[in-house]
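S.K.: I'd like to go over a predicted model; first the sequence, then the structure.
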Amino acid sequence: MPVSNGRPPTSRDVARLAGVSQSTVSLVFRGAASGRVGERTQRAVRDAARQLGFRPNADARRLRVGGPRMVLIAVPDIVNPFFARVFTGARAAAREAGFQVVLSVQRDLESVAADVAGQQIDAVLACSLEDGGRPLDDAVPAVVLDAEPPQGQGSVRFDIAPALTELVEHLHRLGHRSIAHLRSEVGTATFRERAEAVDAACAQRGMSRVHAACALDLDAAREAAARLLSAQADGGRPPFTAVVCDDDVLAVGVYKAARALGLSVPGDLSVTGIDNVDLALAVTPELTTVDLPGEELGATGMRRLLAVLEEGGGAPATGPHAAGGGCVRLPARLLIRDSTAPPARG
């Protein structure tokens, strides 16, 4: 609801609509309301701001309170090499623009919001958290990476289905007709897309498949793969001849399980991954995988977030490369290495 003369709404307009003082509005949007302004009043201020389309100017706030401009980068796991790459790319893009960075290791936006509360955070880049959830405060613009964002917020994700279709076609050309899919237990749209793409590509080619799921952890993957290979074994060999993994870490777990059972890669079992982290080249044989450039994902998301911030904090507009309500898709590509070969005969 714009103000009557068409000018941008101000904190005074918010105060008038919420029935509070302008200083109360200032406390709420400075993150200094805790213990000084009641929860009901804070909600009234935020509702009024949302109704008016009011967004505090980050630069003006910095002039009042001092200090550098700050962006919070949230990832679910800093040990995972993919997320480390995302953070590296995002941090470089932020520093290039003159922003300082704060790291938050969280798995959902509600927990990220708790990290933001009371801090001088200008914007949030959240990677691979749970899908959807409540948006962050309107005063703190956010962009989501590799997951479904809350309604009205932008995201950057990989267009992975074509690469996975190419991967299944590669296995089919080699002669594989039955595969196992070791899936991640993470229930986000990113991993649902992987399952759907693999299933569709196999069905189209008449390939049979089984699947198992585990946490994104090497030991969990090794145990899940061992159960899958042992339970399905027939005459010393499983009925499937290739394992498609949702992540390179999971693929390394399959290597370990296969070796413990006396199976060779790729002689007895072809194995593939997704991400193309350093592990993919550290194992022998080197891993066939789908390259998801984490640093590019982080840098692209950060640049998009900073553009939103400079435009005044609104939701990212749908640009020429965006689709699905403001989702930018980055390409993925198949890298064929020595972990895939024609299936053993006999």
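M.R.: Alright, I've got the coordinates.

S.K.: and Gly296, what does it touch?
M.R.: Heads up, residue 296 is Glu, not Gly. Applying CB atoms under 8 Å, 6 or more residues apart in numbering to Glu296 gives the contacts 89, 330. Where C-beta positions appear, they are placed from N, C-alpha and C, glycine not excepted.

S.K.: that one in helix, strand or coil?
M.R.: Here Glu296 is recorded as helix under DSSP: H, G, I helix; E, B strand; the rest coil.

S.K.: so what's it scoring on pLDDT?
M.R.: We note a pLDDT of 97 for Glu296 in this prediction.

S.K.: count the residues that sit near the spatially closest residue to Gly98 that is not a sequence neighbour.
M.R.: Setting aside the residues directly before and after it, Gly98 is nearest to Arg69 in space (CB to CB, 6 or more residues apart in numbering), at 6.8 Å. Counted by other CB atoms under 10 Å, the residues lying close to Arg69 total 19.

S.K.: all strands of this protein, in order?
M.R.: Here the chain has its strands, by DSSP state E, at 70-75, 100-105, 123-127, 142-145, 154-159, 178-184, 208-214, 242-245, 270-275, 288-291, 322-323, 327-331, 333-335.

S.K.: who does the third one touch, helix- and strand-wise?
M.R.: Taking 3 or more CB pairs under 8 Å, 6 or more residues apart in numbering; DSSP states H and E as the contact definition, the neighbouring helices and strands of strand 123-127 are strand 70-75, helix 81-96, helix 109-116, strand 142-145, helix 294-310.

S.K.: wait, Ile73 sits on Thr88?
M.R.: No - counting by CB atoms under 8 Å, Ile73 does not reach Thr88; the two are 10.1 Å apart.

S.K.: and the two? Which one has more around it.
M.R.: Ile73 (27 against 14).

S.K.: quick one, grab the pLDDT at that one.
M.R.: 96.

S.K.: contacts only, for it.
M.R.: When contacts are counted by CB under 8 Å, 6+ apart, Ile73 touches 87, 90-91, 94, 101-104, 124-125, 127, 298, 302.

S.K.: just to revisit the earlier point, tabulate the strands of the chain (JSON lines), appending distance to Thr41.
M.R.: JSON lines is the format used below for the strands of the chain (distance: least, CB to CB, whole Å):
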{"stretch": "strand 70-75", "distance to Thr41": "26"}
{"stretch": "strand 100-105", "distance to Thr41": "27"}
{"stretch": "strand 123-127", "distance to Thr41": "24"}
{"stretch": "strand 142-145", "distance to Thr41": "24"}
{"stretch": "strand 154-159", "distance to Thr41": "30"}
{"stretch": "strand 178-184", "distance to Thr41": "43"}
{"stretch": "strand 208-214", "distance to Thr41": "46"}
{"stretch": "strand 242-245", "distance to Thr41": "51"}
{"stretch": "strand 270-275", "distance to Thr41": "46"}
{"stretch": "strand 288-291", "distance to Thr41": "50"}
{"stretch": "strand 322-323", "distance to Thr41": "37"}
{"stretch": "strand 327-331", "distance to Thr41": "36"}
{"stretch": "strand 333-335", "distance to Thr41": "52"}
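
S.K.: among those, which gets the worst mean confidence?
M.R.: The minimum mean pLDDT among those belongs to strand 322-323 (a mean of 34).

S.K.: circling back to that earlier point, could you give me the PyMOL selection string for whichever of the contacts of Ile73 are buried?
M.R.: Typed into PyMOL, the line below selects the buried ones among these, using 16 or more other CB atoms under 10 Å:
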select buried, resi 87+90+91+94+101+104+124+125+127+298+302
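
S.K.: let me have the contacts of Ile73 in JSON lines, extended by distance to Leu167.
M.R.: Below are the contacts of Ile73 laid out as JSON lines (distance: CB to CB, whole Å):
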{"residue": "Phe87", "distance to Leu167": "27"}
{"residue": "Ala90", "distance to Leu167": "27"}
{"residue": "Arg91", "distance to Leu167": "31"}
{"residue": "Ala94", "distance to Leu167": "33"}
{"residue": "Val101", "distance to Leu167": "34"}
{"residue": "Val102", "distance to Leu167": "37"}
{"residue": "Leu103", "distance to Leu167": "33"}
{"residue": "Ser104", "distance to Leu167": "33"}
{"residue": "Val124", "distance to Leu167": "33"}
{"residue": "Leu125", "distance to Leu167": "29"}
{"residue": "Cys127", "distance to Leu167": "24"}
{"residue": "Gly298", "distance to Leu167": "24"}
{"residue": "Met302", "distance to Leu167": "29"}
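
S.K.: closest one to Pro141 out of the contacts of Ile73, please.
M.R.: For those, the minimum distance to Pro141 (CB to CB) is 7.5 Å, reached by Val124.

S.K.: report the set of residues contacting both of Ile73 and Thr88.
M.R.: Gly298.
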